[in-house]
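1. Quick one, what's the 3D model for this:
(one chain, ligands or ions: 1)
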Amino acid sequence: SAQQPKVLQHGAHRVGKRTDVEMATWRGYGMGQFIHWGVYSLFGGELNGNYYNGAAEWIRSWKDMPNGVYDSAYKQFNPSSFDATQWAKMAKQMGVRYVTFTTKHHDGFCLWPSKYTDYTIANSPCKKDIVKQVVDAYTKEGIDVYLYFSIMDWHNPDWRYDLKTKEDSVAFERFKLFTKKQLTELLQQYPQTKGLWFDGTWDNSWKKSGAFTDTLEQYLKTLHPGLIIGSRFRADEFGNRHVDATGVLMGDYEQGWERKIPKTYADVHGNDWDCVMTIPENGWGYQKKWLGHWKTTNEILEMTAQCVSLGGNFVLNFGPKPDGTFRPEEVEIAKEAGEWMKINNAAIYNCEYAGWEKQDWGYYTKKTNENKVYMIVFNVPVSRSLKVKPSKNTLVDKAYLLTAPGKTLSLEKLDYDASFIQLPSAQYKQPFVIVLETKEGG
Ligand code: JFZ
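-> Numbering: from 1, shown residues only. Model (predicted):
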C-alpha cells in the first residue's frame with residue numbers, strides 16, 4: 001500500500017499495551033515452554049535412514065516424503081508412555097509459568113478429537129484427547145495454557161495458498177468456516193485456555209482475508225474475554241501482517257521474535273513481546289539427531305535474562321518423542337534451568353525493563369511496583385568490580401547477593417553518577433543475581 005490511509009477498517013484496535021489483568025499476568029511470566037508434538041514426531045526428521053535437512057515438523061513437505069506415507073502415519077501414533085501429569089511436573093520444576101502446545105500443526109493433524117475432520121487423535125490408536133490432558137495437567141500445576149494453531153492446513157482440500165480463481169475463493173470460504181468452527185471448538189472444550197498462538201498465516205489467501213481475520217479475532221475474544229492473541233494472526237485490509245498500514249501493532253503482543261532476541265529496548269517499540277527458541281539451531285518437532293550446536297543451560301538462562309531485561313518473555317521449545325517422553329538432553333536442561341530458577345526467580349518473575357544503561361557483566365531487570373533492580377551477572381571481570389549506572393533520579397541504597405541478603409556489598413561511588421560494586425572473591429561458575437535497593441534522588 002503506497003498510500004497510507006489514516007483510518008483503517010481492519011487495522012489495530014489499540015495503540016500501546018493492553019492494561020487488563022490477564023495481560024499483566026502474561027507480562028509477568030518471564031519464562032515459558034513451547035511443545036511441538038504430532039505425527040511428524042514419529043519420523044524424528046528421518047525417512048528410510050536419510051535425515052531431512054530442515055525443521056523436523058516440516059518433513060511432510062520434503063521431496064523424498066510420499067504424502068501417502070505421511071498422511072497414513074497417524075495410524076501409528078500410539079504414545080505408550082505419554083503422561084501429561086509428568087510433563088506438567090517437569091515444566092513446573094523448570095519454573096516456566098506458561099506453556100504453548102501444538103493442537104494442530106501445518107500437517108493438519110488434530111491432537112484433540114475435532115468434530116470437523118477425521119484426521120484427529122480419535123482415529124489414531126492413541127485415542128486419548130491429548131489436548132485435554134495437557135490443558136488439565138498444566139492447569140493443575142498452576143501453569144497457564146496457550147494453544148498453538150496453524151491456519152495453514154496441508155490436509156484440508158479447501159486450504160489454498162492463494163486465491164486466483166473463483167473455485168479457490170469458494171473452497172477458501174469453506175476453509176474459513178472450518179477454521180472458525182475448530183477455534184470455537186477449542187475454546188469451548190478447553191475453557192482454561194488463556195490465549196491462542198497462531199502460525200501459518202503468511203500466505204496470500206489469508207492475507208487477502210483481512211476483514212474475515214479481524215472479525216474472527218474479535219469473535220474469539222467475545223467467546224472468551226481476556227483471551228490473548230499475538231500479532232501473527234490477522235491482516236489488515238491491505239494484507240499487512242503484524243503491523244498495520246499505519247505502523248501500529250495488530251494483536252496483544254509482538255509475535256515476530258522467533259529464534260532471535262532484540263538487542264535494545266528501542267527494538268521492541270514499546271510493545272509486549274516474547275521470544276520463542278529452539279534448543280538445537282532449528283527444528284521444533286522431535287529430531288532423532290541434533291545436528292550442529294545445541295544450547296547449554298547457561299545459554300538458555302542468559303537468553304531468558306536478556307528477554308526479561310528488555311520487557312519480554314522467553315519461551316523454550318521441547319519436542320517430545322513419539323512415545324510421549326522427552327529426550328534426555330531436554331530433561332537435563334529443564335532440570336538445570338529449574339535449579340537455577342528456584343534460587344533466582346525473583347529476578348525473572350514479574351520483572352520488567354529497568355531503563356538503566358546496559359553493562360558488560362549482564363542484564364538488569366526491575367521488579368514491577370517495587371524499588372528493586374536486579375543484576376543478573378553472567379560475566380565477572382578479573383577486577384571483580386561491576387559497574388552500575390542508574391537511570392536519572394535513581395540512587396542505589398544497598399546492594400547484596402540474592403542468596404545472601406544480610407551481607408551488603410560495598411558500593412564505591414565514581415564521579416560520573418556510576419558506582420562500582422566489589423564482588424567477594426569466589427569462584428563464579430554460574431550466573432547469579434545481585435539485588436539493588438533503590439530510592440529516588442540524585
Ligand atoms: C513456524 C512453523 O513453520 C514452524 O514449524 C514452528 O512451528 C514455528 C514455531 O513457527 O515457523 C516460522 C514462523 C515464522 C517465522 C519463522 C519460522 N518468522 O516469522 O521468522
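
2. all contacts plus neighbour counts: C-alpha atoms, from now on.
-> Noted.

3. got the contact list for Ile348?
-> Neighbour list for Ile348: 30-31, 304-305, 308, 365 [criterion: Cα atoms under 8 Å, 6 or more residues apart in numbering].

4. Please repeat the previous calculation with a cut-off of 6 Å.
-> Ile348 is in contact with Gly30, counting by Cα atoms under 6 Å, 6 or more residues apart in numbering.

5. Please, which helix or strand holds the residue lying closest to Thr304 once chain neighbours are set aside?
-> Leaving aside its sequence neighbours, Thr304 sits nearest to Phe314 (Cα to Cα, 6 or more residues apart in numbering; 5.2 Å). Taking DSSP states H and E as the definition, Phe314 sits inside strand 313-318.

6. Just the CA trace of the helix or strand just after that strand, in CSV.
-> Using DSSP H and E, the next helix or strand after strand 313-318 towards the C-terminus is helix 328-344. Extracted in CSV, the C-alpha atoms of helix 328-344 (Å, rounded to 0.1, in the frame of the first residue of the first chain):
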residue,chain,number,x,y,z
PRO,A,328,17.5,-36.9,27.9
GLU,A,329,19.1,-33.6,26.8
GLU,A,330,15.7,-31.8,27.3
VAL,A,331,15.1,-33.4,30.6
GLU,A,332,18.6,-32.3,31.8
ILE,A,333,18.1,-28.7,30.6
ALA,A,334,14.7,-28.5,32.3
LYS,A,335,16.2,-29.8,35.5
GLU,A,336,19.3,-27.5,35.5
ALA,A,337,17.2,-24.4,34.5
GLY,A,338,14.8,-25.3,37.2
GLU,A,339,17.5,-25.5,39.8
TRP,A,340,18.7,-22.0,38.8
MET,A,341,15.2,-20.6,38.7
LYS,A,342,14.4,-21.9,42.1
ILE,A,343,17.1,-19.7,43.6
ASN,A,344,17.0,-16.8,41.3
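
7. So in that sheet, which strands flank the helix or strand following helix 328-344, and in what orientation?
-> Where DSSP H and E defines the elements, the next helix or strand beyond helix 328-344 is strand 351-352. Using DSSP bridges, strand 351-352 pairs in its sheet with strand 362-367 (antiparallel).

8. tell me the pLDDT at Val377?
-> On the pLDDT scale, Val377 is placed at 98.

9. that older thread, the strand holding Phe314 near the ligand at all?
-> No: figure legend: strand 313-318 not in contact with the ligand (Cα under 6 Å from any ligand atom); closest approach 8.5 Å.

10. Give me the contacts around that strand.
-> Strand 313-318 has contacts (Cα under 6 Å, 6+ apart) with 30-35, 274-278, 304, 307.

11. let's go with 8 Å and repeat that
-> For strand 313-318, contacts defined as Cα under 8 Å, 6+ apart pick out 27-36, 273-279, 284-286, 303-304, 307-308, 326, 330.

12. can you narrow the residues you listed to ones near the ligand?
-> Within the contacts of strand 313-318, those near the ligand by Cα under 6 Å from any ligand atom are Trp284.

13. From the contacts of strand 313-318, which land in strands?
-> Of those, the ones assigned to strands by DSSP state E are 31-35, 273-277.

14. Most widely separated two among those?
-> Using Cα to Cα, the two most remote members of those are Ile35 and Trp273, lying 18.6 Å apart.

15. out of those two, which sits in the busier spot?
-> A side-by-side neighbour count of Ile35 and Trp273, using other Cα atoms under 10 Å, places Trp273 first with 25 against 21.

16. Enumerate every residue touching the more buried one.
-> 253-255, 257, 311-313.

17. out of the residues you listed, what pair is the most spread apart?
-> Using Cα to Cα, the pair of those lying farthest apart is Gln255 and Gly311, separated by 13.6 Å.
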